[in-house]
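Enquirer: Attaching a predicted model along with its sequence, questions to come.
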Amino acid sequence: LSTGERQRVQLARSVRNRTTGVLYVLDEPSIGLHPANLKGLTGVMDDLVADGNSVVLVDHDTQVLSHSDWIIELGPDAGAKGGTVIAEGTVGQLKENPASRIAPYLEPQSGNETPAGRPTVTHEWIRMRTSAIHTVQPLEVCFPKGLLSVVTGVSGSGKSSLVTDTIAPALTNAVHRSKRMVGPYRKIEGIDQIDKVIDIDQSPIGRTPRSNPATYIGLWDDIRALYASTSEAKARGYAPGRFSFNVSGGRCEACKGDGQIKIEMHFLP
């Protein structure tokens, strides 16, 4: 399943259980969804509310925001400059609030403006012919060099199969001589026009889902080394690895290093 399909399955399961009096908290459920799929998403949330539940979303999609009954907007910026409620109310109230930064985007757009100075399409391309990939038919696609290209489509239409499973690993193998698994393809042209491939996907940035930016930049290594350098740690023979979230003994065994204890709630009819 694609990311969008998996999220819709989870929501559909909640609706099927016909719960009532439950608070659902969804963290950006619109991620990975085509605008055509959002109508189904908002319909599921409407069903949850109609059954007597409450739904709280963290989201940015204007189509979802315009459908909501109440909006709380935080800001005005990120980090130390954020954490303030700059606007709150219905969609109509936000549109009348000059402090709201999302309000202008809730208005229907009259048309798409072409960015000033947009570069022209060159004659240099990366061309690829694929075989059938999962449920996707054989394709022939072209990506212009030196420009921003976007692959879009409804959930399950084959975007990830084409880009993440085929084009990215095929180019990585050709340029960096790696041995990644690649979706079936017949021919690829234009490899000589690139010298490096950087593939950023949705997988965790570390070895476990608990990884975070501190893991990526190596900050935890310094913190663990600091703990291991204390006199008590030396007396007990603790190495830096003892203080990892992923190692038994040094972590809290009650939560397994997650920092919270999850209790699955199995709703019965």
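Expert: Looks like it came in fine.
Enquirer: helix/strand/coil for E88?
Expert: strand (DSSP: H, G, I helix; E, B strand; the rest coil).
Enquirer: does it have beta-bridge partners, and which?
Expert: Counting by DSSP bridges, E88 is bridged to I72.
Enquirer: Contact partners for it?
Expert: Residues near E88 by C-beta atoms under 8 Å, 6 or more residues apart in numbering: 70-73. The way it works is simple: take the backbone N, C-alpha and C, and place the C-beta from them, glycine included.
Enquirer: Give me the buried entries from these.
Expert: For these, a burial check counting by 16 or more other C-beta atoms under 10 Å picks out 71, 73.
Enquirer: For the contacts of E88, give me JSON lines that also has distance to Q193 and pLDDT.
Expert: Formatted as JSON lines, the contacts of E88 follow (distance: C-beta to C-beta, whole Å; pLDDT from 0 to 100):
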{"residue": "W70", "distance to Q193": "51", "pLDDT": "96"}
{"residue": "I71", "distance to Q193": "46", "pLDDT": "97"}
{"residue": "I72", "distance to Q193": "47", "pLDDT": "97"}
{"residue": "E73", "distance to Q193": "44", "pLDDT": "96"}
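Enquirer: quick one: which of the contacts of E88 is nearest S131?
Expert: Nearest to S131 among the contacts of E88, counting by C-beta to C-beta, is I71 at 46.4 Å.
Enquirer: What helix or strand is the residue nearest to the spatial centre of the chain located in?
Expert: The residue lying closest to the centre of the chain (C-alpha atoms, centre = their mean) is I31, at 5.8 Å. Counting by DSSP states H and E, no helix or strand carries I31.
Enquirer: I261 versus A254, what's the distance?
Expert: The spacing between A254 and I261, counted by C-beta to C-beta, to the nearest Å, is 7 Å.
Enquirer: go on, A168?
Expert: If you go by C-beta to C-beta, the gap between A168 and I261 works out to 37 Å.
Enquirer: What number of residues are in the vicinity of I133?
Expert: As a burial measure, I133 scores 18 neighbours (other C-beta atoms under 10 Å).
Enquirer: which residues touch it?
Expert: I133 neighbours (C-beta under 8 Å, 6+ apart): 139, 158, 161-162, 165-166, 183-184.
Enquirer: how near is it to A174?
Expert: Applying C-beta to C-beta to I133 and A174 gives a distance of 18 Å.
Enquirer: Likewise for D258?
Expert: 40 Å.
Enquirer: Please apply the same query to L226.
Expert: Counting by C-beta to C-beta, the gap from L226 to A174 is 43 Å.
Enquirer: of those two, who's got more company?
Expert: Taking other C-beta under 10 Å, L226 and A174 do not tie; A174 has more neighbours (15 against 12).
Enquirer: where does the stretch 101-250 of the chain have low pLDDT?
Expert: Along the stretch 101-250 of the chain, segments meeting pLDDT under 70 span 109-112, 204-209.
Enquirer: ok, 50 please
Expert: Regions of the stretch 101-250 of the chain meeting the criterion pLDDT under 50 are absent.
Enquirer: hey, where'd the strands end up in it?
Expert: Remark: strands assigned in the stretch 101-250 of the chain by DSSP state E, counting those that start in this stretch are 125-130, 140-144, 185-189.
Enquirer: Any chance of those strands in TSV with mean neighbour count and distance to I200 as columns?
Expert: Putting the strands of the stretch 101-250 of the chain into TSV (neighbours: other C-beta atoms under 10 Å; distance: least, C-beta to C-beta, whole Å) gives the following:
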stretch	mean neighbour count	distance to I200
strand 125-130	17	18
strand 140-144	14	16
strand 185-189	13	20
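Enquirer: now the ones you listed in TSV, with distance to Y105?
Expert: Shown next, in TSV, are the strands of the stretch 101-250 of the chain (distance: least, C-beta to C-beta, whole Å):
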stretch	distance to Y105
strand 125-130	33
strand 140-144	29
strand 185-189	39
